[in-house]
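Visitor: Provided below are the primary sequence and the corresponding predicted coordinates.
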Amino acid sequence: MTLTVSVLGATGSIGRSTADLLDQHRDRFRVGAVAGGRDAQALARVARELNAEFAAIADPDSGPALRDALSGSGIACGAGPSAVIEAATRDADLVVAAVSGAAGLAPTCAAIRLGRTVALANKESLVCAGDAFMRDAKKFGARILPMDSEHNALEQSVGEGKIDDVTRMTITASGGPFRTASRERIAAASAADAAAHPTWSMGMKINIDSATLMNKGLELIEAHHLFGIEAERLDAVVHPQSIVHALVTWRDGSVTAGLYLPDMRVPIAHCLGLGERLTIARGRSLDLAAVGSLTFERPDEERFPCLRIAKAALAAGAAQPTVMNAANEIAVAAFIAGKIGFYDIAALVERACEHFAARFPAAPADVEEALAIDAEVRGWSAEALVA
Ligand code: MG
């Protein structure tokens, strides 16, 4: 039986790895829709490669270029946010939600509301609107498969176990490029320094988030929603080799862990397999003796204040994670543009969390409200940067 898969965010790094696996297993999968942001050529290429039925580009101005690039292929296409929603809601057995940023919220939510099985790589769905998102998933019977490496490792480590029996869930962080750097050196870092990720190759935004450890903070918030586990039972540890992605400690002292080489195709294959294991062509197998040693250390929240801020937002709940995420996106963009320094990211995010604590005292009731909060905080953050 062939399964129909749609890929949102098909031109990004997760999308391209997903496309690679779909291409390797053509006997198993048919591709319904692919969606991308603004690169019409790249989107057309992946749509043709995978023989998709429909391609959607989020940027309305890129519609004509996409139509040209697909001419003669028989692949239908559309442009603008409504076309991306169409891609998300076309009939599919599995929707890969790998759009990055808040732009991924609406299409992911649309798929959830149709009760689709969603392989989730879009962090914002859970960070901005986790309560509402998980409530919708339950209400509409949508299954969520965590595609991020740490959460996928948690999912595999939990297996058939009960969350009640878990005393701790630990996710690991590579520590980023500044793991051993002094605070002074980190303070002077440029975006290019921060983007040099030691173990994973990813997009620019997530590279900066990895350097600040905000990424780990976002992932703790995701884990909280995905597994229904409170902040007190969640932890992050630095593990520079990126082999152990997550550990689950059980009531009886047993620990189950998810290990694999840092290759995103592994967690993606786990999601695409829907319970069956897929072979990954050109995949390397883990040889622990060749790796030699696996080391772990506690994260330093003095040098990496974003992790502390994210933990506080998770513990505070309400709309704090939504606010934090929006301010962080603006701050990271300003850092990438060379407008602010590394530690200004944490400073802006913390100011935003304080500023909006009283204004938004409750968690967003739905995705629409989360997006409204997101927009207000972005506007405020952008102004705060120029003030
Ligand atoms: Mg991750």
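Guide: Yes, it's here.
Visitor: residues near Ala187, how many?
Guide: For Ala187, the count of nearby residues is 13 (other CB atoms under 10 Å). Quick note: C-beta positions are derived from backbone N, CA and C, even for glycine.
Visitor: And Ser13, by the same measure?
Guide: Neighbours of Ser13 (other CB under 10 Å): 17.
Visitor: ok, so what distance separates it from Glu86?
Guide: Applying CB to CB, to the nearest Å, the value for Ser13 to Glu86 is 24 Å.
Visitor: What of Met264?
Guide: 27 Å.
Visitor: Leaving aside the residues adjacent along the chain, what's closest to Pro361?
Guide: Of all residues not flanking Pro361 in the chain, Ala318 sits nearest, at 5.7 Å (CB to CB, 6 or more residues apart in numbering).
Visitor: Just to check, that neighbour is in contact with Ala358?
Guide: No: when contacts are counted by CB atoms under 8 Å, Ala318 is not listed as touching Ala358 (10.1 Å).
Visitor: Settle it for me: which of these two has more neighbours?
Guide: Higher neighbour count among Ala318 and Ala358: Ala318, with 16 against 7, using other CB under 10 Å.
Visitor: which residues touch Leu259?
Guide: Contacts here follow CB atoms under 8 Å, 6 or more residues apart in numbering; on that basis Leu259 touches Ala153, Ile243, Val244, His245, Leu286.
Visitor: Put the alpha carbons of stretch 344-357 into CSV.
Guide: Only the C-alpha atoms of stretch 344-357 are listed here, as CSV (Å, rounded to 0.1, in the frame of the first residue of the first chain):
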residue,chain,number,x,y,z
ASP,A,344,21.5,41.7,23.3
ILE,A,345,19.4,38.7,22.1
ALA,A,346,18.8,37.5,25.7
ALA,A,347,18.4,41.0,27.0
LEU,A,348,15.7,41.9,24.6
VAL,A,349,13.9,38.5,25.1
GLU,A,350,14.0,39.0,28.9
ARG,A,351,12.7,42.6,28.6
ALA,A,352,9.8,41.4,26.4
CYS,A,353,8.9,38.6,28.9
GLU,A,354,8.8,41.2,31.7
HIS,A,355,6.9,43.8,29.7
PHE,A,356,4.1,41.5,28.5
ALA,A,357,3.7,39.4,31.7
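Visitor: Tell me the residues of the protein that contact the ion?
Guide: Within the chain, the positions near the ion by CB under 5 Å from the ion are Asp148, Ser149, Glu150.
Visitor: Next SSE downstream of the host helix or strand of the last one?
Guide: It refers to Glu150. Remark: Glu150 resides in helix 149-158, with elements defined by DSSP states H and E. Next along the chain after helix 149-158, taking DSSP H and E as the criterion, comes strand 166-173.
Visitor: Can you list the buried residues in that following strand?
Guide: Neighbour-count burial for strand 166-173, counted by 16 or more other CB atoms under 10 Å, picks out Val166, Met169, Thr170, Ile171, Thr172, Ala173.
Visitor: domain assignment for the chain?
Guide: 3-147, 176-212+300-387 (automatic domain parsing).
Visitor: Three-state assignment for the residue in the chain sticking out farthest from the centre, please.
Guide: Centroid-distance maximum for the chain: Gly72 at 34.5 Å, with CA atoms, centre = their mean. Under DSSP: H, G, I helix; E, B strand; the rest coil, Gly72 falls in the coil class.
Visitor: circling back to that earlier point, now render the buried residues of strand 166-173 as a markdown table, adding distance to Ala334 and pLDDT.
Guide: Converted to a markdown table, the buried residues of strand 166-173 look like this (distance: CB to CB, whole Å; pLDDT from 0 to 100):
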| residue | distance to Ala334 | pLDDT |
| --- | --- | --- |
| Val166 | 38 | 98 |
| Met169 | 33 | 98 |
| Thr170 | 32 | 98 |
| Ile171 | 27 | 98 |
| Thr172 | 29 | 98 |
| Ala173 | 23 | 97 |
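Visitor: Look at Trp250 and report its pLDDT.
Guide: pLDDT for Trp250: 98.
Visitor: hmm, back to that, packing partners for the helix holding Glu150?
Guide: With contacts defined as 3 or more CB pairs under 8 Å, 6 or more residues apart in numbering; DSSP states H and E, the packing partners of helix 149-158 are strand 143-146, strand 166-173, helix 214-227, strand 244-250, strand 255-259, helix 265-273.
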